[in-house]
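next come a sequence and a model predicted from it.
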Amino acid sequence: MRPAVPARARAVRETRTLPSVAPGAVEVPFVVACYDEVVARDTTWNEHSHPFHELLWNQRGASTAVVGNRVWTVAPALGLWMPAGTPHSGSAAAGTWLRTSFFGTGGTAPLPGVPVGVEITPLLRLLLDRLAEPGLPAASRSVTEAMLLDVLTPSPHELLVNVPVSALLRPIADAVRADPRDRRTLADWAAELGVSARTVTRAFNAETGTSFARWVTAVRAQHAVALLTRGWEVEEVAAEAGYGSASAFGAAFRRTTGLTPGVFRAR
């Protein structure tokens, strides 16, 4: 078990600068390579890209990955496939235990050429843990890599928020992401911004690909996962995420993630 990081380590934020490298620009002499780290400080990564594909997931805690205006939450139960050459940035809080698997680009990519969510099932976790073992014999590695590539599939659910950037919607986005407990409705925001509800609805659909209500639910789910992975009780998370009851929160959370809050809660 990796040790937790003392709270005082959070006082200093670390910024890491990585290069942007195109697929095929450098030799990638592996099929799957594993990396893990417990970040000692709140950490931010600049926008960069890799010559290999990545599967991002966490053993403990939640982190974020950003591509353009799309923000994913990465957690122990839901990971993220990041294709080679995709410019992305990220952040993680102190104490987050990052797990990353790098996939060489010599063969056929097991997942699409765009970022997609991946459920970290018990079988997938077992295979990833096996490949991370030091001194794994070559024959065992080859068999495990083949099994991993066979079971690695996109999830129909992901912790994704498309952040609107227009002058009309930015006040809404900033307010709800800063405090997911914000109870203002679409009609409330329309009145506050001096436009019709139809105008706000059309803008949300155009910029985020979803409705205002579903967008708010996704923001709340991301906030909830960050709390659940720290060990918060479900009832506490429900209140902090803007829900009147744990049952209402659980139903909305499952519709968004496909999983129950308990799956994400740190043990």
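That came through, no problem. Computed from a prediction, not measured in an experiment: that's the story for all the values here.

pLDDT score for the most far-flung residue of the chain relative to its centre?
Distance from the C-alpha centroid of the chain peaks at residue 194, with 34.3 Å (C-alpha atoms, centre = their mean). Note on residue 194: pLDDT of 97.

I'd like the distance between it and residue 200.
The spacing between residue 194 and residue 200, counted by C-beta to C-beta, to the nearest Å, is 11 Å. C-betas here are computed from N, CA, C, even on glycine.

same check, this time on residue 179
Applying C-beta to C-beta to residue 179 and residue 200 gives a distance of 19 Å.

in contact with residue 105, which residues?
Residue 105 makes contact with 23-24, 28, 51-53, 84, according to C-beta atoms under 8 Å, 6 or more residues apart in numbering.

out of these, which are buried?
Buried subset of the contacts of residue 105 (neighbour count, 16 or more other C-beta atoms under 10 Å): 23, 28, 51-53, 84.

quick revisit: compare residue 179 and residue 200 (neighbour count), which wins?
Remark: of residue 179 and residue 200, residue 200 carries more neighbours, 19 against 12, as counted by other C-beta atoms under 10 Å.

tell me the SS of the more buried one?
What DSSP: H, G, I helix; E, B strand; the rest coil gives for residue 200 is helix.

can you check the one 3 residues further on too?
Secondary structure, three-state DSSP: residue 203 is helix.

I'd guessed it sits against residue 169; true?
Yes - look at residue 203 against residue 169 with C-beta atoms under 8 Å: they come within range, at 5.5 Å.

so between the two, which is more surrounded?
residue 169 (21 against 18).

that one contacts residue 200, doesn't it?
Yes - in this structure residue 169 lies within contact range of residue 200 using C-beta under 8 Å: 7.5 Å.

name the helix or strand for residue 56, please.
strand 53-60 (DSSP states H and E).

ok, that strand: who's next to it in the sheet?
strand 78-82 (antiparallel), strand 97-103 (antiparallel) (DSSP bridges).

closest to residue 214 out of those strands?
Among these, strand 78-82 comes nearest to residue 214, with 17.5 Å by C-beta to C-beta.

after the closest one comes which helix or strand?
The helix or strand immediately downstream of strand 78-82 is strand 88-92, counting by DSSP H and E.

residue 178: how many residues sit nearby?
9.

cool, and residue 58?
Using other C-beta under 10 Å, residue 58 has 23 neighbouring residues.

isn't it right next to residue 75, touching?
Yes - counting by C-beta under 8 Å, residue 75 is a contact partner of residue 58 at 5.8 Å.

anything in contact with each of the two?
Common neighbours of residue 58 and residue 75 (C-beta under 8 Å, 6+ apart) are residue 229.

out of the contacts of residue 105, who's nearest residue 246?
Looking at the contacts of residue 105 and their distance to residue 246, the nearest is residue 53, at 37.9 Å (C-beta to C-beta).

great, nothing more from me.
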